[in-house]
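S.K.: sequence plus the predicted model coming up.
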Amino acid sequence: MEERKTYFVDVILPVPINNAFTYRVPFEMNEHIKTGVRVVVPFGRSKLQTGIIIKIHEKVPEGYQSKYVEAVLDDAPIITGKQFKLWNWISEYYMAPLGDVMNAALPSNFKLGSETKVLLHPEYEGNLDRLTDKEYQVFEALEIQNELDLKEISDILGIKTIQPVIKSLIEKRVIITQEDLKQKYAPKTQLFVEFAKAYQSDEQIEALIKVYSENARKKKQLDVLLTLLKLGSYKQGESTPILRSELVEHGASASSINTLNKDEVLEIKRLEISRLAEGSEADSSFKSLSEAQQSALDEIRTSFIEKDVTLLHGVTGSGKTEIYVELIQEQLDQGKQVLFLLPEIALTTQLIQRLQRYFGDKVGVYHSRFNQNERVEIWNSLLHNDTTKFQIVLGARSAVFLPFRNLGLIIVDEEHESSFKQYDPSPRYNGRDTAIVLRAFHDAKVLLGSATPAMETFFNAEEGKYGLVSLDKRFGDLMMPEIFTANLKKEKRDKTMQSDFSGFLVEHMKEALENKEQIILFQNRRGYNPVWACEVCGWNPHCKNCDVSLTYHKNSNILKCHYCSYFTPPVGACPKCQSNRLKMIGFGTEKIEDELSIILPGVRVQRLDLDTTRQKNSYENILRDFDDRKIDILVGTQMVTKGLDFDNVSLVGILDADMMLNRPDFRAFERSYQLMSQVSGRSGRKTKRGKVVIQTYDPDHWIIQHVINHDFIGMYKNELIERKNYFYPPFYKMINLTLKHRDPNKLEMMAADLADRLVAVFGSRVLGPEFPVVKRIQNSYLKVIRLKVEREASHKKVKKLLQQKIDDFYSVAYNKSVRIIIDVDPS
Ligand SMILES: Nc1ncnc2c1ncn2[C@@H]1O[C@H](COP(=O)(O)OP(=O)(O)OP(=O)(O)O)[C@@H](O)[C@H]1O
Ligand SMILES: [Zn+2]
């Protein structure tokens, strides 16, 4: 850029507005301006925001005086052209502002804004020699002031381009952002000490000790050296790094360690502490594939010659993971990157551990709940194409946003899972579908894996759009579990129920326990009782902000709203009719746990749901205890359905199949089939055929029948007819518009207005407006308008028209107070 020319930049900001914002570049920044770098700009009243430059030009904005760029944060672009292409696709396809996409895409460390504060890193332990003057200035200021925001740092340094300094300080682990600290900073690496290379032989060590013991002033340092030897850091030419903290615990003085380091006798280095659970390092060689696995692998390879996307439909327990492992290794051998998408990282520890055992440090785990530094580390390593680490990234949906350079393969495991779809906040994107778009930018391949594929996916496979490989045998030739139903109608009539348990299920539980086998019980609700109702007048306590009943939580003895977290103590008498006959209807995981202690006294029961896994590691701990057989019965919500692999589970109980089947949602049957098959699949995975008991009032329901027969194709064919008849996916694409307003009357009018405008262009493809199942959340009323569009229609055209109509609608002043949430391909 020329020095004294006036430039403007278009910047996207993390705000929900569709357009980029134009800023003027001060002359002194001209040479630092590049597309893809971050800048700090004023936004709104006296606020600073970090944005990304997407365009540099000389066009003076018309109609307003543009503000100046405050600071340039990077010397090189932090996003690649391909990433930006993906952002644009998401923004357009999911009708989300680019700012929202940027927000979802960048690790929060990158989104330093005026509110971002930095602090000294809690683990920072000296060694200031490595700091530049500017870095040292920030360090000094932080020692005095505790925390600084970006503006303050800019003032202290007297420069506007502060990011290189901050970035380097974060990388050197001198500072940390406040956000990171809040996210329970957990050290993944620690300082280790060992003898410097020059002293790693018997003679050298001996000579060294002699020198130090002859000098009385070096007594303390001698102690350090001796302690280090005692701890086994050096033995016969072999050096082992010792934890610095351990050394200090054994009486070594920290300052002497530093002196020895300065004198180049000792080396201090930061090493990763193993992220693997104890004892899991045991076996890192690949398992040899069974014949069925091998032929599936061969078929996948063949399929990839012609198809870019292939579905691996492999029944539960068929050993899909080992096939993935082979495919991953192939990519690594070619120097390519692999993205492994999982529905929920937190719920897939078993799989992560397996992959880490095989691929060690090459595996990076990218997840928004984890440490932000680790996210940035993975991001940068990919951006700079550092092939020594993180060649395999395991991540939940947001991992599609990483700056891949050389992506060869994307694996989407459990591709049917609805959690691949983000609902809140915008962008409401589907990680699986986005991965397929990302694939094209890299000319990579995609493997979708599932025992119960999504209707859309299987449809695409049948149509030949995707390749299809089936693996219909369990590993080790084990039979699929035997599935029974417990007829609740009959048991109620015969009075064989024990509270919520059928006599049939209780019998089977007793049998399993006698054989010292374990049990998983699945109930799709947490808490004690979803509803408390008055037996006399039917009253039940509702959330004061939302249109839902409150759930009773016994441990904390409160009634709680699962939508807004409102809670209140339970009432003793019905406020409507004053009767005290309040009764529980339905049952959640907590109540089941209680009932089990009465029905099967002495049995060790553990719950696995959102309430019991809030604390860090509690999920892993519960699973470990179950694996170690310290738990007999695991009771859980959806969490117990996800890919768990235990040897000793011989019985799975599905406590309330009807509740799943009766949900008012076009996917209810599909989801019920998936959930029941998946949780059934946890039974009998290693040695002996497992059993499953499904409790239901309707044992003849066709979905239940297909579950019993392990007949995915039958379910698929039947459901496909329904979908076609009622204009649902995969034949039609859906877009849901949810309108939100505090005033139900205004909402009514506005929804009708919008619907009219839509009908004018889309005709009978528009349904509604209607109230959703929950019609008020957090004091806002909701109305939904659904759009069903033929699959063949141009999605670009549809969305353009839709956006136009929404813009027209908002151009009426009266309508401005309503919020519209657009959900493309709702899950
Ligand atoms: N080739 C093999 N050699 C030895 N053990 C294997 C092999 N393949 C799979 N297994 C074992 O079989 C079990 C099931 O495999 P895996 O968990 O990969 O199944 P899956 O197809 O992912 O099932 P799900 O869809 O139910 O999660 C695991 O315990 C795994 O270790
Ligand atoms: Zn509420």
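M.R.: Yep, that arrived. Numbering: from 1, shown residues only. Ligands and ions are numbered 1, 2, ... in the order given.

S.K.: list the contacts for Asp656?
M.R.: With contacts defined as CB atoms under 8 Å, 6 or more residues apart in numbering, the neighbours of Asp656 are Gln523, Asn524, Phe587, Gln695, Thr696. Backbone N, C-alpha and C define where each C-beta goes, glycine included.

S.K.: next, the buried residues of whichever helix in the chain runs longest.
M.R.: Residue-count comparison of every helix in the chain, with assignments taken from DSSP state H, identifies helix 744-762 as the longest. Of all the residues in helix 744-762, those buried under the rule 16 or more other CB atoms under 10 Å are Leu747, Glu748, Met750, Ala751, Asp753, Leu754, Ala755, Arg757, Leu758, Phe762.

S.K.: picking up where we left off before, let me know the closest of the contacts of Asp656 to ligand 2.
M.R.: In terms of CB to the ion, no member of these lies closer to ligand 2 than Asn524, at 19.6 Å.

S.K.: pick out whichever of the buried residues of helix 744-762 sits closest to ligand 1.
M.R.: Phe762 (39.6 Å; CB to the nearest ligand atom).

S.K.: and the closest one, how far from Arg786?
M.R.: Phe762 sits 11 Å away from Arg786 when distances are taken as CB to CB, to the nearest Å.

S.K.: quick one: which of the contacts of Asp656 sit in strands?
M.R.: Counting by DSSP state E, the contacts of Asp656 place Gln695, Thr696 in strands.

S.K.: let's have the contacts of Asp656 in JSON lines, adding distance to Val798 and neighbour count.
M.R.: Formatted as JSON lines, the entries for the contacts of Asp656 read as follows, by distance: CB to CB, whole Å; neighbours: other CB atoms under 10 Å:
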{"residue": "Gln523", "distance to Val798": "40", "neighbour count": "27"}
{"residue": "Asn524", "distance to Val798": "34", "neighbour count": "21"}
{"residue": "Phe587", "distance to Val798": "44", "neighbour count": "22"}
{"residue": "Gln695", "distance to Val798": "43", "neighbour count": "23"}
{"residue": "Thr696", "distance to Val798": "40", "neighbour count": "24"}
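
S.K.: now the contacts of Asp656 in a markdown table, please, with extra columns for distance to ligand 1.
M.R.: What follows is the contacts of Asp656, written out as a markdown table (distance: CB to the nearest ligand atom, whole Å):
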| residue | distance to ligand 1 |
| --- | --- |
| Gln523 | 20 |
| Asn524 | 19 |
| Phe587 | 27 |
| Gln695 | 22 |
| Thr696 | 23 |
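
S.K.: how about the nearest residue to Gly395 once chain neighbours are set aside, what does it touch?
M.R.: Nearest residue to Gly395 in three dimensions, chain neighbours excluded: Tyr366, at 3.7 Å (CB to CB, 6 or more residues apart in numbering). Residues near Tyr366 by CB under 8 Å, 6+ apart: Arg375, Ile378, Val393, Leu394, Gly395, Ala396, Ser398, Ala399, Leu402.

S.K.: for ligand 2, state which of those is nearest.
M.R.: With CB to the ion as the yardstick, the closest approach to ligand 2 among the contacts of Tyr366 comes from Ala396, at 26.5 Å.

S.K.: what about the helices in the stretch 351-500 of the chain?
M.R.: Taking DSSP state H, counting those that start in this stretch to define them, one finds helices in the stretch 351-500 of the chain at 372-383, 431-442, 455-462, 488-493.

S.K.: and of these, who's closest to ligand 1?
M.R.: Relative to ligand 1, the nearest member of those by CB to the nearest ligand atom is helix 455-462, separated by 14.7 Å.

S.K.: can I get the CA coordinates of that closest one in CSV?
M.R.: Listed next in CSV are the C-alpha coordinates belonging to helix 455-462 (Å, rounded to 0.1, in the frame of the first residue of the first chain):
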residue,chain,number,x,y,z
MET,A,455,-33.3,-40.4,6.7
GLU,A,456,-31.7,-37.7,4.5
THR,A,457,-28.4,-39.5,4.5
PHE,A,458,-29.7,-42.9,3.6
PHE,A,459,-31.9,-41.3,1.0
ASN,A,460,-28.8,-39.7,-0.6
ALA,A,461,-27.1,-43.0,-0.5
GLU,A,462,-30.0,-44.8,-2.1
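
S.K.: what residues does that helix touch?
M.R.: By CB under 8 Å, 6+ apart, the surrounding residues in contact with helix 455-462 are 309, 311, 313, 415-416, 448, 450, 453, 466-468, 670, 716, 719-720, 723, 729-730.

S.K.: try it again with 7 Å
M.R.: Helix 455-462 has contacts (CB atoms under 7 Å, 6 or more residues apart in numbering) with Leu311, Glu415, Leu448, Tyr466, Leu468, Glu670, Tyr716, Glu719, Arg723, Pro729, Pro730.

S.K.: could you single out the nearest of those residues to Asp743?
M.R.: Of all the contacts of helix 455-462, Asp743 sits closest to Pro729, with 33.6 Å by CB to CB.

S.K.: burial check on the closest one, number of neighbours?
M.R.: Applying other CB atoms under 10 Å, we find 19 other residues in the vicinity of Pro729.

S.K.: and the gap between it and Ala454?
M.R.: If you measure Pro729 against Ala454 using CB to CB, the figure is 9 Å.

S.K.: how about low-confidence regions in the stretch 401-550 of the chain?
M.R.: 525-531 (pLDDT under 70).

S.K.: excluding chain neighbours, what is closest to the residue of it found nearest ligand 1?
M.R.: When distances are taken as CB to the nearest ligand atom, the stretch 401-550 of the chain reaches nearest to ligand 1 at Phe475, 4.0 Å away. In space, Phe475 comes closest to Gly319 once its chain neighbours are excluded; the distance is 3.9 Å by CB to CB, 6+ apart.

S.K.: just checking, the one you found touches Ala292?
M.R.: No. In this structure Gly319 lies outside contact range of Ala292 using CB atoms under 7 Å: 8.2 Å.

S.K.: restrict stretch 16-34 to CA atoms and write it as PDB.
M.R.: Output for stretch 16-34, consisting of C-alpha atoms alone and laid out as PDB, is shown next (Å, rounded to 0.1, in the frame of the first residue of the first chain):
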ATOM      1  CA  PRO A  16     -25.700  -9.800  14.000                       C
ATOM      2  CA  ILE A  17     -25.900  -7.400  11.100                       C
ATOM      3  CA  ASN A  18     -25.700  -8.600   7.500                       C
ATOM      4  CA  ASN A  19     -23.300  -6.000   6.100                       C
ATOM      5  CA  ALA A  20     -19.600  -5.300   6.500                       C
ATOM      6  CA  PHE A  21     -18.700  -1.900   8.000                       C
ATOM      7  CA  THR A  22     -16.300   0.500   6.300                       C
ATOM      8  CA  TYR A  23     -13.500   2.300   8.200                       C
ATOM      9  CA  ARG A  24     -10.800   4.700   7.100                       C
ATOM     10  CA  VAL A  25      -7.200   3.600   7.500                       C
ATOM     11  CA  PRO A  26      -4.900   6.100   9.100                       C
ATOM     12  CA  PHE A  27      -1.800   6.700   6.900                       C
ATOM     13  CA  GLU A  28       0.600   5.200   9.400                       C
ATOM     14  CA  MET A  29      -1.200   1.900   9.200                       C
ATOM     15  CA  ASN A  30      -1.300   1.700   5.400                       C
ATOM     16  CA  GLU A  31       1.500  -0.900   5.200                       C
ATOM     17  CA  HIS A  32       0.000  -3.100   7.800                       C
ATOM     18  CA  ILE A  33      -3.400  -3.400   6.200                       C
ATOM     19  CA  LYS A  34      -4.100  -6.800   4.600                       C
END
